[in-house]
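*Asks:* After the sequence you'll find the predicted model.
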Amino acid sequence: MRTNNFPGGCIIKKVILLACCSILIFSVIANAAGGVKKKRPLPHDYGKVVLNNYSERAHMAPVVFDHWLHRSKFTCRLCHVDLAFAMKTGTTGIKASDNMKGYYCGTCHNGKMTHGSRTVFAACSKTPGDDFGRCERCHSQGKTVKKDYDFYTYTEKFPKERFGNGINWEKAEADGMIRLVDFLEGVSIKRTAMTVQKDFSLGPNVKGMREIIFSHQKHTVWNGCEVCHPEIFVGVKKGATKYSMVEIFEGKYCGVCHTDVAFPLTDCQRCHTKQVQ
């Protein structure tokens, strides 16, 4: 029985197609995770990173980093290129001595830099025993720590989405609700902006699945070119880098960001947007 609800299509076929896609996606997730279903994090926990390279060895709680707060103020490119934070948790190997010298977190968290009307608190102190309670602002795993920003209050008026943080960060930036810092004097290099490529489509491997529309413009706002090229995508020509959904779910290629920080892969329609012709 045909209906006008889906132009040129049939409800039953659409339902079957959606069901098949859902089964495929959950199958890929299960295989990529070794058959273990991952617990969906709460909105304020999505993107949270726990750093414990040296903390417990120094008899301190692990560091908890909230991506949602930092991404509302700074571009990803600034931290992952100019400040040299690795894209994978724990691989940067940050030490308190690095912060004291003004590297990594200490670039901004030095007690001198201002952001808006606030002075950014110093991450680590060179003075032994100096305000040890301040350390718990970062070394907060398993502790009840009062924070300057509450996720739900801070994002109350932000445009909403279904997955991840529940926030459409892209729209929040486009609407001017957040203004991203992408340059730090004395750290960043002044450079001429490159010409942004037009959006293009990528054909899916699953028959009947909507085509992917990739926007360089939306990605360069947050990442520039350097975050993705050449470490994540070696080639800069369309189709030069070959990858699969299994690899993406394993945290490679698009999955470097779209598994834990940017909107998750369960939100299929954010990428697969173009109707199959």
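*Replies:* Yes, it's here.
*Asks:* Name all residues that make contact with the residue nearest to His115 when sequence neighbours are not counted.
*Replies:* Using CB to CB, 6 or more residues apart in numbering and skipping the chain neighbours, the partner closest in space to His115 is Lys73 (6.5 Å). In this view, the C-beta of every residue, glycine as well, is placed from N, C-alpha and C. When contacts are counted by CB atoms under 8 Å, 6 or more residues apart in numbering, Lys73 is found next to 115, 178, 180-181.
*Asks:* Can you lay out these as CSV showing secondary structure?
*Replies:* As requested, the contacts of Lys73 are exported to CSV (DSSP: H, G, I helix; E, B strand; the rest coil):
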residue, secondary structure
His115, strand
Ile178, coil
Leu180, coil
Val181, strand
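*Asks:* Can you tell me which of those residues are buried?
*Replies:* Neighbour-count burial within the contacts of Lys73 applies to 178, 180; the criterion is 16 or more other CB atoms under 10 Å.
*Asks:* and the contacts of Lys73 as a markdown table, adding pLDDT?
*Replies:* Output for the contacts of Lys73, formatted as a markdown table (pLDDT from 0 to 100):
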| residue | pLDDT |
| --- | --- |
| His115 | 90 |
| Ile178 | 97 |
| Leu180 | 97 |
| Val181 | 96 |
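*Asks:* so which of the contacts of Lys73 comes closest to Arg40?
*Replies:* Closest approach to Arg40 among the contacts of Lys73 (CB to CB): Ile178, at 24.5 Å.
*Asks:* how close does that closest one sit to Gln217?
*Replies:* 17 Å (CB to CB, to the nearest Å).
*Asks:* which stretches of the protein aren't confidently modelled?
*Replies:* The model of the chain has pLDDT under 70 over residues 1-37, 128-132, 276-277.
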